[in-house]
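Trainee: Dropping the sequence and predicted coords here.
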Amino acid sequence: MAEEAPPHDPYSLLVRTIRTSIRDAVSSAYDVDEPVEVPVDPEPPVEDADVATPVALSLAKEVGEEPRRVAETILEESDLDEVVLVDEARVEGPGYINIRLNRPQYAALVLRSVFYYGEEYGSLDLGMGRPAILEHTSANPNGPLHIGHGRNAIIGDILARCMVFTNYDVEVQYYVNDMGKQIAMLAWKYIKEGRPEVPEGRKPDEFFGELYAEAAREIEEDPELEEVVERFLRSYERYLLEEESRAERIAEAFQTVVEECLRGHIETLERLRVAHDRFVYESEFVEDAVEIVEKLVEMGAAEERDDGAVVLDLEDYGIDKELVLTRSDGTTLYTTRDIAYHLWKLGRAAFVIDVLGADHKLAVQQLKAALDLLDADPDRVDVIFYEFIHLPEGSMSTRKGRYVTLDEFLDEAKRRALEKMREAGVAEDLDEEEREEIAENVAIGAVRFAIARVSPNKPIEFDWDEALDFRRGGPFIQYAYARARSILRRADEDVQRFDAAHLDDDHSFELVFRMSMFPRQVAQCVRKRRPDILAEYAYELARAFHTFYEEVPVLHAEDEEVRKARLKLVEAFTIVMENVMNLLGVPALERM
RNA sequence: GGGCCGGCAGCUCAGUCUGGACAGAGCGCGGGCCUUCGGAGCCCGUGGUCCCGGGUUCAAAUCCCGGCCGGCCCA
């Protein structure tokens, strides 16, 4: 007889079992119209209970009885005692039902799931293969990526990894803003400086970032230059629409600075292990944008102002601010092209996700309103906003040349990792190159985790020491994994049969329980679009392991059977941890 | 002036959507743990008017109203 496949999500199975049992008890004991909500708390603040539910408290009022009395009745009526995963259920406090799990049973179930699904453990089928386009990073190619862009990239990248893992057909796009005013400023400066080559050994985006900041300063000092820059922009747009050969020189300048900066961005993103499937250029949508404006005018939704600008009135959507679609000189605006881009995306995927800074909130409202007018479904566009990262001296600004680049952040993290390795005397047997590689991977983990762990709608005050506090960051997680791997290396044996009943001590079971929460946490991360949930989970899982490691001997276990069970637990932990780390993009290291 | 987001321990944050037990972590500070698997670790302790004021509720950090402070966007 073939063994039945274990559950993908053991914790949810447990919760469902408890819920069903309690619901049945409630409906047989009380006269309630609808099945009751049964909230389950995985971390009750009491000794000797693994999960709890306050269901009797809310039910008490409805049925007009004392909460404790209700809880007692539920327990009497329910078959919780017979549930194989439950050891004991009792009423405590004001009327909580506290449940102690049958630890051997639950541990066996969880480990079976982990080993059965392996690197697929945690991958629930949330997406059912639906195609989605996820756009993130999309920084202006007028300077290097700074840590603010990093927040965008990392939120987007983790979400992309989680969505692929949960069976969405994801295409990750980078929207290259290759024709805004900033690019025009840079193109102007580039020509003015005689089209300089990027000096040997310099990152192109950093080089052009400095040029851009200089351009910004010059233009600020001499407002007449504004007109020149605007002429550049007009020329380029006309070039794109009509292939006007006179503008060829200008077009070439735009394209050169964009390509060079983008090259630098990609280099940085690769280092950070952030990948895009496709780069889409804003300039590709100029024609579509013009057509959209015509259509909106035809529909009577947009109209030409006295100065020749075409504007869209969005008061029906509760937006007081009218949206300018074309300037008085006839050129389109960023948002106009963005409408075209989104229509294109919506035509290619079931839904679209954008990761954007909180400063785009109004623009997105306008975009969605415009999409609605054009008969596209704005609800298929889901935007994740993140708040800014501030430096002690103020908000970051490419224009002012005030920023901490992602490369600087990584370099500093790496420097600290190497220092720590020297201090601790680890990996001394390895050569310089191997040590460097380890430090680089620790740096990647530290940087990604530092940014990922804060919820997107929280503003961040950047502080080096805090961001690179290895004690509560990526390295903490990597270290847990390395410790586990170290045990497995030393044991050097492949345990086949073991008895999970030996894992019922508090620390082992806490680890088992945490591992069982993984599929649930991935799902939460995807549904709520909150990578920080997964980062927090990784931290808790690592903490559970560190405690286990300190408190529970594995190789020196008191008994051969216990040793086998614990070895399997450690192995299972490495599987789950590796899965989490893959989703977070935090490198899993054998040694560090 | 309007809109959105944040405000919780000295500091950095989770918990708020879906209201429930003494509000949780990390850092800091004080104390302990290497003759057993890697001390980037673990354990114990310390520390809180959950911004303020009202309201709803048996029960509010959580929901509602008003205000204050900070960030962002718009005029």
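Mentor: Received, thanks.
Trainee: and the stretch 51-200 of chain A, which residues reach RNA strand B?
Mentor: A:A52, A:P54, A:L57, A:S58, A:A60, A:K61, A:P67, A:E92, A:G93, A:P94, A:Y96, A:N98 (CB under 7 Å from any atom of the strand). (Glycine included, C-beta is placed from N, CA and C.)
Trainee: Drop anything exposed from those.
Mentor: The neighbour count (16 or more other CB atoms under 10 Å) marks A:A52, A:P54, A:L57, A:S58, A:A60, A:P67, A:G93, A:Y96, A:N98 as buried among these.
Trainee: list the contacts for the fifth one?
Mentor: Applying CB atoms under 8 Å, 6 or more residues apart in numbering to A:A60 gives the contacts A:E66, A:P67, A:R69, A:V70, A:G95.
Trainee: can you list those in a markdown table and add pLDDT and secondary structure?
Mentor: As requested, these are exported to a markdown table (pLDDT from 0 to 100; DSSP: H, G, I helix; E, B strand; the rest coil):
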| residue | pLDDT | secondary structure |
| --- | --- | --- |
| A:E66 | 88 | coil |
| A:P67 | 90 | helix |
| A:R69 | 92 | helix |
| A:V70 | 93 | helix |
| A:G95 | 91 | coil |
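Trainee: Among the buried ones among the residues of the stretch 51-200 of chain A next to RNA strand B, which one lies nearest to A:A417?
Mentor: Within those, distances to A:A417 taken as CB to CB reach their minimum at A:A52, with 41.4 Å.
Trainee: who touches the helix or strand bottoming out on mean pLDDT in chain A?
Mentor: Among the helices and strands of chain A, strand A:394-395 carries the lowest confidence by mean pLDDT, DSSP states H and E, at a mean of 83. Outside of strand A:394-395, the residues within contact range by CB under 8 Å, 6+ apart are A:F388, A:R402.
Trainee: moving C-terminal of that strand, what's the next helix or strand?
Mentor: As assigned by DSSP states H and E, the chain's next helix or strand after strand A:394-395 is helix A:406-424.
Trainee: roughly how far is that following helix from the heart of the chain?
Mentor: Its chain's C-alpha centre lies 24 Å from the corresponding centre of helix A:406-424 when counted by CA atoms, centre = their mean, to the nearest Å.
Trainee: Pull out the buried residues from the helix or strand following it.
Mentor: Past helix A:406-424, heading to the C-terminal end, the next element that is a helix or strand (DSSP H and E) is helix A:432-452. Burial within helix A:432-452, assessed by neighbour count using 16+ other CB under 10 Å, is assigned to A:435, A:438-452.
Trainee: And stretch A:503-521, by the same measure?
Mentor: By neighbour count with 16+ other CB under 10 Å, stretch A:503-521 contains the buried residues A:503-504, A:507-521.
Trainee: can you check stretch A:191-211 too?
Mentor: Buried residues in stretch A:191-211, defined by neighbour count with 16+ other CB under 10 Å: A:I191, A:K203, A:P204, A:D205, A:E206, A:F207, A:F208, A:G209, A:L211.
Trainee: and what of stretch A:99-118?
Mentor: Within stretch A:99-118, judged by 16+ other CB under 10 Å, the buried ones are A:99, A:101-114, A:117.
Trainee: Stretch A:250-263 now?
Mentor: A:I250, A:A251, A:A253, A:F254, A:Q255, A:T256, A:V257, A:V258, A:E260, A:C261, A:L262.
Trainee: Stretch A:178-192 too?
Mentor: For stretch A:178-192, the neighbour count (16+ other CB under 10 Å) marks A:178-191 as buried.
Trainee: what residue ranges in the stretch 101-250 of chain A score low on pLDDT?
Mentor: A:243-245 (pLDDT under 70).
Trainee: Just want the residue of it that's nearest RNA strand B.
Mentor: Nearest residue of the stretch 101-250 of chain A to RNA strand B, counting by CB to the nearest atom of the strand: A:G148, 10.7 Å away.
Trainee: Give the closest residue to that residue in space, chain neighbours not counted.
Mentor: A:I389 (4.9 Å; CB to CB, 6 or more residues apart in numbering).
Trainee: For A:W464, list the residues it contacts.
Mentor: A:E412.
Trainee: which strands and helices sit next to the helix or strand A:I97 falls within?
Mentor: Assignment of secondary structure by DSSP H and E places A:I97 within strand A:96-101. For strand A:96-101, the helices and strands in contact under the criterion 3 or more CB pairs under 8 Å, 6 or more residues apart in numbering; DSSP states H and E are helix A:10-29, strand A:51-53, helix A:55-63, helix A:67-77, strand A:86-92.
Trainee: Can you tell me which of the ones you listed is nearest to A:R234?
Mentor: Evaluated with CB to CB, those place helix A:10-29 nearest to A:R234, the distance being 58.1 Å.
Trainee: now the closest one, how far from the centre of its chain.
Mentor: On the basis of CA atoms, centre = their mean, helix A:10-29 sits 33 Å off its chain's mean C-alpha point.
Trainee: buried ones in stretch A:395-411?
Mentor: Of the residues in stretch A:395-411, those buried under the neighbour-count criterion (16+ other CB under 10 Å) are A:M396, A:T398, A:R399, A:Y403, A:V404, A:T405, A:L406, A:D407, A:F409, A:L410.
Trainee: Dump the residues you listed to TSV, plus pLDDT and distance to RNA strand B.
Mentor: What follows is the buried residues of stretch A:395-411, written out as TSV (pLDDT from 0 to 100; distance: CB to the nearest atom of the strand, whole Å):
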residue	pLDDT	distance to RNA strand B
A:M396	88	9
A:T398	92	13
A:R399	91	12
A:Y403	92	14
A:V404	94	16
A:T405	95	19
A:L406	96	19
A:D407	96	19
A:F409	96	16
A:L410	96	14
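Trainee: Bridge partners for A:L312, pull those for me.
Mentor: Beta-bridge pairing for A:L312 (DSSP bridges): A:A302, A:L323.
Trainee: Give me the residue ranges of chain A where confidence is low.
Mentor: Confidence mapping of chain A against pLDDT under 70 gives the ranges A:1-3, A:243-245.
Trainee: For the stretch 251-400 of chain A, which residues are neighbours of RNA strand B?
Mentor: Counting by CB under 7 Å from any atom of the strand, the stretch 251-400 of chain A sits next to RNA strand B at A:D320, A:K321, A:A358, A:D359, A:K361, A:L362, A:E387, A:F388, A:H390, A:S395.
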